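1. sequence and predicted structure are below.
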Amino acid sequence: MRYSARLLLAGWVVLGVGCAHKLPGLTPEVFSGLREQPGNYVAGKTVGLSDGPLLNNKDFVYTIGFSPDSSRVAYTHLGPKFYELALWTLVPEPKLVADKTVNPYEFDIEAVSFSPDGGLVATAGRDGAVRLFDASTNEPKGRVLAEEPLTAMTFHPSGRYVVVGSAKGLISVFSVPQLAFVYEVRAHMGPVSALAFTAEGALYSGSWDKHVRAWESREEVLRTDQARVIFDRRGGFSVVRGGVNGKAQASFALDTRAPAIILNTETATQAGIDVAFLKDTLTVPTPLGNTVAKLARGQSLRFKSLPVENVDIAICDVCVPTGAQGVLGTPFLERFDVSFDESTHEAILTSKAGAVPGAEAQGLALNPKSDFVFEGHVNDVTVDAKGQRLGVAFSEEKAERSRTVYEREKNKVVEPQAPFNAGALVDAATGQVLQKWPIHHGVVSTASISPDGRSLASGGWDKRLLLFTEGNAQPLDEREFGWSVRRVRFSPDGRWVAVAAWTPQNPIGDQESDPAAALFEVAYEQPSVERR
């Protein structure tokens with residue numbers, strides 16, 4: 001059933017039969033129970049959806065998420081020239097707080113998440129950047145660049161870490177709010193499609209490699225004498241990326257002929273080095289002859305968890321190869337062994353002196369716990385409030401937007417139903433599929449489990465949002481959108497289902513089109529309130 005974007009603004013939808021689609025809401029007793037304690041949620045058999053606020057009907061919306069108290073919503077969308085992060089408050093009534101430009105349109109922003117205390121919003125995108133924003137004002141609070149395109153993210157329940165997944169199967173952990181690198185593990189052989197923590201700290205990761213893996217997270221003393229960093233080769237040099245003084249990041253060419261560690265002026269300034277006031281100098285050879293470079297003493301570098309303290313850095317623009325911002329010369333290579341793992345395209349940097357005394361660091365590590373293998377590619381994973389069940393989205397083909405897919409959509413070719421074009425409820429302890437709904441046509445891109453673990457909202461490339469509950473073979477309710485549904489999410493209190501979708505672009509007039517970010521109120525049969 002399609003619906004009018006304009007009428008959604010009033011909270012009502014006129015259906016094809018000409019009647020208003022509005023199901024009974026929650027009782028005052030249930031509302032009171034939800035307010036009694038943070039983390040309370042509605043439980044019971046779902047019976048349908050009532051149409052709620054429309055948040056966007058103009059753009060491609062990529063992902064959407066609720067704050068822990070369900071009072072705010074954030075979503076990422078493609079504006080006229082840039083990707084943007086929109087922040088809405090839902091109380092006392094839906095209102096746009098701010099819409100913040102994030103990055104150029106070439107790089108999709110695949111993930112958004114609120115911190116457990118609701119104070120921060122984080123995004124992760126294909127440009128490799130993790131960004132933090134104030135969840136009240138949407139003002140930027142921090143940024144770090146990972147080494148691979150990012151496709152998934154979530155906060156650890158403690159709020160002290162953010163965990164991101166890459167398009168190449170890497171899961172990385174960064175501290176909050178510093179966004180310092182903490183830990184990484186090559187978790188999957190395909191893109192990480194989803195990350196979800198239980199309240200107790202168990203992490204579930206899903207991937208196109210058809211695996212859902214469970215991880216135990218705990219704080220450990222981490223190794224600080226070695227780091228694995230992505231390298232590439234440019235102009236005859238191997239190039240790695242590292243941090244400078246905790247303020248700037250730079251691509252460094254490895255060069256045994258260089259007598260110094262070198263930075264160009266722009267990167268040195270970003271790292272807090274006041275080049276104009278440097279007094280010491282160093283003679284550095286270049287292809288055009290020797291040059292005198294200013295020398296900044298007592299600086300620091302960092303390559304993921306590997307600190308390099310008390311180094312002298314020469315500032316020289318003509319000494320740095322094209323495509324790099326710095327050079328790691330003899331002073332670095334005398335202290336560190338460098339080897340290359342061609343299978344993962346990583347350079348392994350190892351301190352010849354071992355770990356620096358006093359440099360031991362404690363941080364969040366992930367240890368394998370379970371590995372569940374399925375017949376379909378895993379496109380989304382969510383977990384219920386008690387950590388007992390998962391909501392999983394599957395597809396028999398990888399969820400890749402290709403020319404073939406666009407041609408099929410253009411020609412209105414209906415994708416087939418198939419056993420693993422489905423959303424499913426899965427036992428979190430064993431990986432057993434408890435119930436699966438192969439109702440969508442083609443790729444099921446997203447699935448969200450209700451907080452009580454009994455219901456599932458799913459969305460797919462067939463433009464549909466479907467609502468299921470255990471024991472029923474058919475959907476209880478559905479909505480049709482203008483184009484692909486990208487993300488669906490139950491609110492933590494179970495009251496809402498949020499949808500992020502692409503919408504056909506309308507370049508003329510008011511530019512309004514089909515709904516792209518919308519909320520639906522969930523109706524329950526005999527609802528009760530439960531505590532996490």
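-> Perfect, thanks for sending it.
2. any stretches of the stretch 251-400 of the chain with poor pLDDT?
-> Residues of the stretch 251-400 of the chain meeting the criterion pLDDT under 70: 356-360.
3. at which residues are the strands of it located?
-> Ranges of strands in the stretch 251-400 of the chain, per DSSP state E, counting those that start in this stretch, are 261-263, 281-286, 289-303, 306-315, 326-328, 336-341, 346-351, 361-373, 377-383, 389-395.
4. and for the longest one, what's in contact with it?
-> To tie it back to what came earlier, the one meant is strand 289-303. Strand 289-303 is contacted by residues 180-181, 227, 229, 240-246, 260-262, 268, 271, 273, 275, 278, 280-285, 307-316, 318-319, 332, 349 when judged by CB atoms under 8 Å, 6 or more residues apart in numbering. All C-beta atoms are positioned from the backbone trio N, CA, C, and that covers glycine.
5. any idea whether Val42 is helix, strand or coil?
-> Following DSSP: H, G, I helix; E, B strand; the rest coil, Val42 is assigned to strand.
6. show me what contacts the closest residue to it other than its chain neighbours?
-> Sequence neighbours aside, Gly494 is the residue nearest to Val42 in space, at 3.8 Å (criterion: CB to CB, 6 or more residues apart in numbering). Residues near Gly494 by CB under 8 Å, 6+ apart: Tyr41, Val42, Ala43, Ser450, Pro451, Asp452, Val522.
7. so can I have JSON lines of the residues you listed showing distance to Arg186 and pLDDT?
-> JSON lines is the format used below for the contacts of Gly494 (distance: CB to CB, whole Å; pLDDT from 0 to 100):
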{"residue": "Tyr41", "distance to Arg186": "35", "pLDDT": "95"}
{"residue": "Val42", "distance to Arg186": "39", "pLDDT": "95"}
{"residue": "Ala43", "distance to Arg186": "38", "pLDDT": "95"}
{"residue": "Ser450", "distance to Arg186": "33", "pLDDT": "98"}
{"residue": "Pro451", "distance to Arg186": "32", "pLDDT": "98"}
{"residue": "Asp452", "distance to Arg186": "35", "pLDDT": "97"}
{"residue": "Val522", "distance to Arg186": "38", "pLDDT": "96"}
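8. how near is Thr350 to Tyr75?
-> According to CB to CB, to the nearest Å, Thr350 stands 43 Å off from Tyr75.
9. tell me where the stretch 101-250 of the chain has strands.
-> With strands called from DSSP E, counting those that start in this stretch, the stretch 101-250 of the chain shows them at 109-114, 120-125, 129-134, 140-145, 150-155, 161-166, 170-175, 181-186, 192-197, 202-207, 211-222, 226-234, 237-244, 248-254.
10. pull out the buried positions in the fourth one.
-> Counting neighbours by 16 or more other CB atoms under 10 Å, one finds that the buried residues in strand 140-145 are Lys141, Val144.
11. against which helices or strands is that strand packed?
-> Strand 140-145 sits against strand 129-134, with contacts defined as 3 or more CB pairs under 8 Å, 6 or more residues apart in numbering; DSSP states H and E.
12. what's next to the strand it packs on, contact-wise?
-> Defining contact as CB under 8 Å, 6+ apart, one finds that strand 129-134 is touched by 85, 87, 100, 102-103, 119-125, 139-146, 150, 153, 162, 164, 174, 176-177, 179.
13. can you tell me which of the residues you listed are buried?
-> 85, 87, 100, 102-103, 119-125, 141, 144, 146, 150, 153, 162, 164, 174, 176, 179.
14. ok, Ala428 to Thr198 distance?
-> 8 Å.
15. who touches both of those two?
-> Listed as contacting both Ala428 and Thr198 by CB under 8 Å, 6+ apart are Tyr204, Val383, Gly387.
16. Ile449 is in contact with the last one, correct?
-> No - here Gly387 lies out of contact with Ile449, judged by CB atoms under 8 Å, at a distance of 10.9 Å.
17. quick one: which of these two has more around it?
-> Set side by side, Gly387 and Ile449 give different neighbour counts by other CB atoms under 10 Å, the larger being at Ile449 (28 against 19).
18. contacts only, for that one.
-> Thr382, Val383, Asp384, Arg389, Leu390, Gly391, Leu425, Ser455, Leu456, Phe490.
19. I'd say the third one and Pro451 touch.
-> By that I understand Asp384. Yes - Asp384 is within contact range of Pro451, at 6.0 Å (criterion: CB under 8 Å).
20. is Ala422 in contact with Gly442, as I believe?
-> No - the criterion here is CB under 8 Å, and Ala422 misses it with Gly442 at 11.0 Å.
21. related to what we said a few turns ago, which one of the contacts of Gly494 has the most neighbours?
-> Ser450 (30 neighbours).
22. export the strand or helix carrying Lys100 as PDB, just CAs?
-> Applying DSSP states H and E as the criterion places Lys100 in strand 95-104. Extracted C-alpha coordinates of strand 95-104, given in PDB (Å, rounded to 0.1, in the frame of the first residue of the first chain):
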ATOM      1  CA  LYS A  95      11.200  18.700  15.300                       C
ATOM      2  CA  LEU A  96      14.300  19.000  13.200                       C
ATOM      3  CA  VAL A  97      17.200  20.100  15.500                       C
ATOM      4  CA  ALA A  98      19.900  20.400  12.900                       C
ATOM      5  CA  ASP A  99      21.100  19.100   9.500                       C
ATOM      6  CA  LYS A 100      24.900  18.900   9.400                       C
ATOM      7  CA  THR A 101      27.100  18.600   6.200                       C
ATOM      8  CA  VAL A 102      29.400  15.600   6.800                       C
ATOM      9  CA  ASN A 103      31.300  14.600   3.700                       C
ATOM     10  CA  PRO A 104      31.300  14.800  -0.200                       C
END
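23. what lines up beside it in the sheet?
-> Strand pairing for strand 95-104, determined by DSSP bridges: strand 82-89 (antiparallel).
24. report the buried residues of the partner strand.
-> Within strand 82-89, the residues that count as buried by 16+ other CB under 10 Å are Tyr83, Glu84, Leu85, Ala86, Leu87, Trp88, Thr89.
25. need these in TSV (columns: pLDDT).
-> Formatted as TSV, the buried residues of strand 82-89 follow (pLDDT from 0 to 100):
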residue	pLDDT
Tyr83	95
Glu84	96
Leu85	97
Ala86	97
Leu87	98
Trp88	98
Thr89	97
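26. closest to Gly48 among those?
-> Nearest to Gly48, judged by CB to CB, of the buried residues of strand 82-89 is Trp88 at 23.7 Å.
27. so how far does stretch 159-176 reach from one end to the other?
-> Stretch 159-176 has an end-to-end distance of 7 Å (CA to CA, to the nearest Å).
28. buried residues in that stretch?
-> Across stretch 159-176, burial judged by 16+ other CB under 10 Å covers 159-176.
29. go on, stretch 372-388?
-> In terms of neighbour count (16+ other CB under 10 Å), stretch 372-388 has its buried residues at 372, 374, 376-387.
30. nearest to Pro68 among those residues?
-> The closest of the buried residues of stretch 372-388 to Pro68 turns out to be Ala385 (CB to CB; 11.3 Å).
31. so the closest one makes contact with Gly453?
-> Yes - using CB under 8 Å, Ala385 is in contact with Gly453, at 7.4 Å.
32. show the end-to-end separation of stretch 150-161, please.
-> Start-to-end span of stretch 150-161 (CA to CA) is 16 Å.
33. so how far is it from its chain's centroid?
-> Distance of stretch 150-161 from the chain centroid (CA atoms, centre = their mean, to the nearest Å) equals 8 Å.
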